[in-house]
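Chemist: Sequence and predicted structure are below.
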Amino acid sequence: MRIRPLAALSALALSALVLAGCSGSGSPDPSASGDAALCAAAAPSGDASKAVTVDGEVGAVSTATFTAGLEVPELERTVVTEGTGDAIEDGDYVYYALSAFSAATGERLGDVGYGEAELLPQVVSSDANIGQILGCANIGSRLVLTFPASQDPSTGQAADAQVYVVDVVGVMPLAAWGADQDPMDGFPTVELAENGAPTVTLPETEAPTSTQLEVLKKGDGPTVNSGDTVLAQYSGLLWSDGSIFDSTWDKGGKPAQLTTTGVVPGFQQALEGQTVGSQVLVVIPPADGYGDQANGAIPANSTLVFVVDILATQRAAG
């Protein structure tokens, strides 16, 4: 049997699940009263998804029981536990966890999202596949999804019919939420707008010759390890004149997805060892930045200043 690879249980899991031939017609989600377009995008409930019984608490690995050889004619979705949290809204970054089963045999294919930092949250949109899957479910909901056999048009790989139990765990804030820390003398100062966007004031001193960092907010989430993939907001400035050369806040406030080993060494130091929910200010001299090479709006031999909000992390596959 070929199955959807459990890389389908990855940061792109839910958006990759609905392959060609698996697009069920949307219908209002009866379990929640949220964003109308998102509610309408949810896949319909049907005989296949209703035939699955789920045991276990939401937020923990579940057991799905159904008759082997379950017929799955189209993507179906049934809310088996209605959460008491807020309804998902379009644009939310949603934490989820899931268990996957073969519709043919009932065999458990895998579980993901129940351990620390196993998945990044997924942004939800009414016009994307994930909208069919999550709809406008309330946080704390448990959903059964049944996927018909299909073929990935990009690879030609066949995928047999499968059953997924999806737990809607939470929504990621779009700015650091950690506890404020006492500021350090001689560092740039930071003021935050209501949405979390920083304004940085630089001191009238010489730039440091080694990477220096300050934790402005201390988060309570997982620690970022080397090689992790991180969702972060950031604003980058030149020490020379305070001009902003790059900022996620200026691009609609959508977090960037970064790998700690794929950024300049100074930025890597600002990520690794920090906890999710933290805000870090880092001053990076040329040796730990772009050195004597210009990079876009960054002149050669520039000292860089970043304010980084660490919002989520996912462990590297190993």
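Modeler: Now that the structure is in, tell me what you want to look at.

Chemist: What residues does the residue nearest to Ala41 when sequence neighbours are not counted make contact with?
Modeler: Excluding the flanking residues, the one nearest Ala41 by CB to CB, 6 or more residues apart in numbering is Gly131, at 3.7 Å. Bear in mind the C-beta positions are built from the backbone N, C-alpha and C, glycine included. The neighbours of Gly131, taking CB atoms under 8 Å, 6 or more residues apart in numbering as the test, are Gly26, Leu38, Ala41, Ala42, Asp90, Val124, Ser125.

Chemist: of the residues you listed, closest to Leu143?
Modeler: Distance to Leu143 across those (CB to CB) is lowest for Ala42, with 9.1 Å.

Chemist: burial of the closest one, as a residue count?
Modeler: Other residues near Ala42 come to 26 when the count uses other CB atoms under 10 Å.

Chemist: Please report how far it lies from Ile130.
Modeler: Using CB to CB, to the nearest Å, Ala42 is found at 11 Å from Ile130.

Chemist: can you pull the pLDDT of the spatially most central residue of the chain?
Modeler: Nearest to the mean C-alpha position of the chain, by CA atoms, centre = their mean, lies Pro121 at 2.4 Å. Looking at Pro121, its pLDDT reads 96.

Chemist: Let me know the helix or strand that Gln132 is in.
Modeler: Secondary structure assigned from DSSP states H and E places Gln132 in helix 129-134.

Chemist: Show me where the stretch 1-150 of the chain has its strands.
Modeler: Along the stretch 1-150 of the chain, counting by DSSP state E, counting those that start in this stretch, strands occupy 53-55, 63-65, 76-81, 93-102, 108-112, 122-123, 142-147, 150-151.

Chemist: who's in contact with the third one?
Modeler: Okay, so that is strand 76-81. Contact with strand 76-81 is made by 24, 29-31, 42-50, 52, 54, 58, 132-133, 135, 137, 140-146, 165, as judged by CB under 8 Å, 6+ apart.

Chemist: Quick one, which of those residues are buried?
Modeler: If you count burial by 16 or more other CB atoms under 10 Å, the buried members of the contacts of strand 76-81 come out as 24, 29, 31, 42-46, 48-49, 52, 54, 58, 132-133, 135, 137, 140-146, 165.

Chemist: which residues of this protein score low on pLDDT?
Modeler: Across the chain, the ranges flagged by pLDDT under 70 are 1-34, 151-154, 318.

Chemist: Domain ranges for it, per the record?
Modeler: The chain breaks down by automatic domain parsing into domains covering 13-171, 179-314.

Chemist: what number of residues lie near Gly242?
Modeler: Number of residues near Gly242 (other CB under 10 Å) recorded here: 12.

Chemist: SS state for it?
Modeler: Secondary structure, DSSP: H, G, I helix; E, B strand; the rest coil: Gly242 is coil.

Chemist: Could I get the contacting residues of it?
Modeler: Val200, Thr201, Leu202.

Chemist: OK, contacts around the residue nearest to Ala207 when sequence neighbours are not counted?
Modeler: What sits nearest to Ala207 in space, not counting adjacent residues and going by CB to CB, 6+ apart, is Thr303, at 4.1 Å. Applying CB under 8 Å, 6+ apart, we find Thr303 in contact with Ala207, Pro208, Leu238, Trp239, Ser240, Val283, Ile284, Pro285, Pro286, Gly289.

Chemist: could you dump the residues you listed to a markdown table with secondary structure, distance to Ala103 and neighbour count?
Modeler: A markdown table is the format used below for the contacts of Thr303 (DSSP: H, G, I helix; E, B strand; the rest coil; distance: CB to CB, whole Å; neighbours: other CB atoms under 10 Å):
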| residue | secondary structure | distance to Ala103 | neighbour count |
| --- | --- | --- | --- |
| Ala207 | coil | 61 | 17 |
| Pro208 | coil | 59 | 14 |
| Leu238 | strand | 56 | 17 |
| Trp239 | coil | 58 | 19 |
| Ser240 | coil | 61 | 13 |
| Val283 | strand | 55 | 24 |
| Ile284 | strand | 51 | 28 |
| Pro285 | coil | 57 | 19 |
| Pro286 | helix | 57 | 20 |
| Gly289 | coil | 52 | 22 |
